[in-house]
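Engineer: What shape does this take:
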Amino acid sequence: MFISCQSFIDVGDNMVRHFSKPAKIKNKVKNPVRDEVKLSALWVGHATFLLQIYDRVIFIDPLFTNNVAQVLRRYTEPGIDLNTIDNIDMTLISHSHMDHLSHGSIAEIEKRYPETHLLFPAGAEEFLQDYDLEFHRMNLPENQYEYIGESKIIDSVMITAVTSVHWGGRYGIDGKFWTNDGSCGFIIQYKDVTVYYTSDTSYDDKLFKYIGDKYDIDLLLVNIIYCEDCKEPDQGSSHIYPMGAMKIFEDTKAKYMIPAHYGLFTDANVQRKALKKMYHTNDYNISKIKILKAGEQFSINK
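Structural biologist: This is a model prediction of the structure:
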């Protein structure tokens with residue numbers, strides 16, 4: 001059950017934490033971008049990743065503010081210090097919900113990395129502010145039976161917008177009732193590396209098997225809704241549970257998977273331990289599932 005006693009406990013805990021600062025992360029990675037790396041993903045928290053593929057550095061759904069919509073309060077600070085990054089080649093925004101399109105966070109990127117390219121799905125532009133960045137609007141598949149949208153090559157990196165079973169808009173009700181565009185996942189390809197970021201999505205076996213057949217995916221970044229007692233794959237219309245992430249992992253035939261989109265507004269350490277136990281109990285190859293702490297980095301060297 002999605003709405004539970006624990007949900008009410010979490011809401012109450014979140015309200016109390018508005019009177020304190022987010023918890024500090026000890027031993028942050030000091031040199032997140034390194035010459036010897038072929039592929040790395042640093043989980044900043046929630047759905048935010050710092051991705052490095054060889055010499056290219058990419059932010060995904062950056063969220064660095066302490067609050068979301070002035071309502072939700074971070075449990076833990078962002079898992080990276082922006083002062084440790086010299087350059088960001090591009091920033092990907094998967095959809096316009098406030099925990100993925102953060103105006104304050106993009107403004108921080110604009111200030112620190114003015115040369116970065118900003119990529120977003122068609123429909124999300126109406127919620128973007130007038131940032132002094134290079135905008136790239138990605139067209140989505142024309143109908144529900146096509147899964148692959150527009151591809152663009154930027155600095156030799158190919159970014160492809162792919163279907164996500166989610167919804168756009170900004171404020172919840174607008175996306176549910178009168179707009180459904182402005183949401184996508186991304187295929188990121190550079191040299192011999194392919195990364196798939198699902199964004200928020202429900203489960204669709206045809207979609208994920210199609211992507212698994214079309215691409216040789218090295219790393220799957222999959223957004224979940226944490227639920228320890230949920231054995232079904234998804235919530236029904238917009239998100240997946242941990243077991244749904246495993247179905248996507250199997251369908252896409254990815255070499256590695258990192259689950260994300262949990263633990264920002266609650267204690268991620270508790271949930272991380274439960275995820276490990278859940279996947280281990282179900283006899284999955286846990287060595288291929290990288291359940292990171294916020295600020296932790298998974299890397300493959302050249």
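
Engineer: longest strand anywhere in this protein?
Structural biologist: When every strand of the chain is counted residue by residue (DSSP state E), the longest turns out to be strand 37-45.

Engineer: Which elements pack onto it?
Structural biologist: strand 48-53, strand 193-197, strand 219-223, strand 256-260, strand 297-301 (3 or more CB pairs under 8 Å, 6 or more residues apart in numbering; DSSP states H and E). C-betas here are computed from N, CA, C, even on glycine.

Engineer: now with 10 Å?
Structural biologist: Strand 37-45 is packed against strand 48-53, strand 56-60, strand 193-197, strand 219-223, strand 256-260, strand 297-301, with contacts defined by 3 or more CB pairs under 10 Å, 6 or more residues apart in numbering; DSSP states H and E.

Engineer: List the buried residues in that strand.
Structural biologist: Of the residues in strand 37-45, 37, 39-45 count as buried by neighbour count, 16 or more other CB atoms under 10 Å.

Engineer: Okay, now the sheet partners of it, with direction.
Structural biologist: Each strand paired with strand 37-45, and its direction, by DSSP bridges: strand 48-53 (antiparallel), strand 297-301 (antiparallel).

Engineer: what's the most buried one of the ones you listed?
Structural biologist: Relative to the other members of the strands paired with strand 37-45, strand 48-53 carries the highest mean neighbour count by mean count of other CB atoms under 10 Å, namely a mean of 25.

Engineer: Now do the strands for the stretch 101-250 of the chain: every range, in order, please.
Structural biologist: Ranges of strands in the stretch 101-250 of the chain, per DSSP state E, counting those that start in this stretch, are 117-121, 134-138, 148-154, 157-162, 185-190, 193-197, 219-223.

Engineer: Quick check: which of those strands is buried the most?
Structural biologist: Mean neighbour counts were compared across the strands of the stretch 101-250 of the chain using mean count of other CB under 10 Å; the top stretch is strand 219-223, at a mean of 26.

Engineer: For the closest residue to residue 245 other than its chain neighbours, give me its contacts.
Structural biologist: By the measure of CB to CB, 6 or more residues apart in numbering, the closest residue to residue 245 outside its immediate chain neighbours is residue 222, 4.6 Å from it. With contact taken as CB atoms under 10 Å, 6 or more residues apart in numbering, residue 222 is in contact with 185, 196-201, 208, 240, 242, 244-249, 252, 254, 257-261.

Engineer: and with 8 Å instead?
Structural biologist: With contacts taken as CB atoms under 8 Å, 6 or more residues apart in numbering, residue 222 has the following neighbours: 198, 240, 245, 248-249, 257-260.
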